[in-house]
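Student: Sequence and predicted structure, then a few things I'm wondering about:
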Amino acid sequence: MWKSERKMSKRILTTLERWNIYQRDLEAYRQRSLYRRSYSRFRRDLEIVPHVFLHPSNTKIAPLRETKEAVRLALLGKAVWTLDTAARLVSGQGFLASADLTGYLPMETLQELVNTGLIGEPLSSGLSVDPLYHRPPMLIAHLDEEAPHVELPSGDRVVPWDFLTRDLLGTLGWRPDLLTRLEATYPAGLPSS
């Protein structure tokens, strides 16, 4: 029956009726929770300790003044890419619609990019790496952290699989769909930790 076809009762519900509705909804929640926990990734993902990549005190965001490729090449061997940038470099497929570069950088390197005019003035980061509105590409840099990395044949450095998953969970939340897709396209020859 459609919502518009149902008639609203003007009668106030009794405590027992409200309790029965609560119990019914609690059972529905329990069923959804059991289904979610039966997902094949759930146990493996519990082992991952998420990392807050966008922590406001450590992350800066700056608009790109040159092309994404020019900025990436300027950071060759200096930046350790993570999230969507690492996924695109490693597997050829990203998971975000935005064309941002996301990685770990020292503050000095970020300042060099500003001085050479490759990026605009860095600002505090937002709450998400996937914007709600269309905006120009940005460099999202987590500062002052030495991240472990794997060097690709291109010279780009990316975080290993373990760190990619912790950054993904800490930034986008539990996304078994993305983790499963990334795991399927992640090259077997690259170290995982």
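Tutor: It's in.
Student: Could you pull out the helices in the protein for me?
Tutor: Secondary structure of the chain (DSSP state H): helices at 15-37, 42-46, 68-74, 83-91, 107-115, 161-172, 176-185.
Student: How far does the shortest one sit from its chain's centre?
Tutor: Yep, that's helix 42-46 we're talking about. Taking the mean of its C-alpha atoms, helix 42-46 sits 17 Å from the chain's own mean (Cα atoms, centre = their mean, to the nearest Å).
Student: which residues touch it?
Tutor: With Cβ atoms under 8 Å, 6 or more residues apart in numbering as the test, helix 42-46 has contacts from 36, 165, 169, 174, 176, 179. From N, CA and C alone the C-beta is placed, and that goes for glycine too.
Student: quick one: contacts for Asp144?
Tutor: By Cβ under 8 Å, 6+ apart, the residues touching Asp144 are 58, 106-107.
Student: Let me know the closest of those residues to Pro153.
Tutor: Distance ranking of the contacts of Asp144 against Pro153, using Cβ to Cβ, places Pro106 first at 23.9 Å.
Student: From what I see, the closest one and Leu143 are in contact.
Tutor: Yes: taking Cβ atoms under 8 Å as the definition, Pro106 is a contact partner of Leu143 at 7.1 Å.
Student: For the lowest-mean-pLDDT helix or strand in the chain, C-alpha coordinates in CSV please.
Tutor: Taking mean pLDDT, DSSP states H and E as the measure, the chain has helix 42-46 as its least confident helix or strand, at a mean of 71. Provided in CSV are the C-alpha atoms of helix 42-46 (Å, rounded to 0.1, in the frame of the first residue of the first chain):
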residue,chain,number,x,y,z
PHE,A,42,33.7,-7.7,7.4
ARG,A,43,36.1,-9.8,9.5
ARG,A,44,39.2,-8.8,7.4
ASP,A,45,38.2,-5.1,7.7
LEU,A,46,37.9,-5.3,11.5
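Student: give me the low-pLDDT residue ranges for this structure?
Tutor: 1-8, 36-37, 39, 41, 46-47, 126-133, 145, 188-193 (pLDDT under 70).
Student: Mind doing that once more with 80?
Tutor: Across the chain, the ranges flagged by pLDDT under 80 are 1-10, 32-57, 93, 96-98, 125-135, 144-146, 176, 185-193.
Student: how close does Glu121 sit to Pro63?
Tutor: Using Cβ to Cβ, to the nearest Å, Glu121 is found at 8 Å from Pro63.
Student: Buried residues of stretch 106-126, list them for me.
Tutor: Going by neighbour count (16 or more other Cβ atoms under 10 Å), the buried part of stretch 106-126 is 110, 112-113, 118-120, 122, 125-126.
Student: With stretch 154-172 instead?
Tutor: 156-161, 163-172.
Student: follow-up on the earlier one: and the helices of the chain, which is most packed in?
Tutor: helix 83-91 (a mean of 23; mean count of other Cβ atoms under 10 Å).
Student: Much appreciated, bye for now.
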